[in-house]
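Enquirer: I'll drop the sequence and a predicted model, then ask my questions.
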Amino acid sequence: MTSQIIYKGALRTEAKHLQSSTLIETDAPVDNQGKGERFSPTDLLATSLGNCMLTIMGIKARDMQINLEGTKVDITKIMKAEPRRVGGIKVDFHFPEGLELNDKDKEILQRAAITCPVAKSIHPDIEQDITFKWD
């Protein structure tokens, strides 16, 4: 097993990662009867795309002896109705100042990011809008 989830009431869950015992709580979002005091499950879906992309990019960067420390990723989740679902995820990468890479290295890192397992697991109906801001 990977994780175990417990319903805590009031539209809140607690997930435990079994290998590390790390906990994540979720709430239903305000626009769906929740408190919005934690990530919602759909927030985690969108956020996991950015986490995965940055992790895979970090692996490739380490192999290339490139330091991506300080890179930030902004995630915007776009919901759709009928049925209620995630319709799109906007991912904006912002790289640290002073990171000077040639076009080939940038291309290699970008390709690594967009081929991460989460990106390849998300249904094609969910638009992935990804930008890389190198300056």
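Expert: Looks like it came in fine.
Enquirer: mind giving me the domain ranges of this protein?
Expert: 3-32, 41-133 (automatic domain parsing).
Enquirer: switch these over to a markdown table; also include mean pLDDT and mean neighbour count.
Expert: Heads up, the C-betas are built off the backbone N, CA and C, glycines and all. Formatted as a markdown table, those follow (pLDDT from 0 to 100; neighbours: other C-beta atoms under 10 Å):
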| stretch | mean pLDDT | mean neighbour count |
| --- | --- | --- |
| domain 3-32 | 97 | 13 |
| domain 41-133 | 97 | 15 |
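Enquirer: what residues are up against residue 118?
Expert: 48, 49, 51, 52, 53 (C-beta atoms under 8 Å, 6 or more residues apart in numbering).
Enquirer: take the residues you listed and keep only those in helices.
Expert: Using DSSP state H, the members of the contacts of residue 118 that fall within helices are 48, 49, 51, 52, 53.
Enquirer: just give the closest residue to the second one, not the sequence neighbours.
Expert: Computed as C-beta to C-beta, 6 or more residues apart in numbering, the closest residue to residue 49 that is not its neighbour in sequence is residue 118, at 5.0 Å.
Enquirer: part of a helix, is that neighbour?
Expert: Yes. Under DSSP: H, G, I helix; E, B strand; the rest coil, residue 118 sits within a helix.
Enquirer: what are the ranges of the helices in this structure?
Expert: 41-63, 103-114, 117-121.
Enquirer: residues contacting the longest one, please?
Expert: If I follow you right, that is helix 41-63. In contact with helix 41-63 (C-beta under 8 Å, 6+ apart) are residues 13, 24, 26, 29, 39, 67-68, 71, 73, 75-77, 79, 86, 89, 91, 93, 108-110, 112-119, 122, 128, 130.
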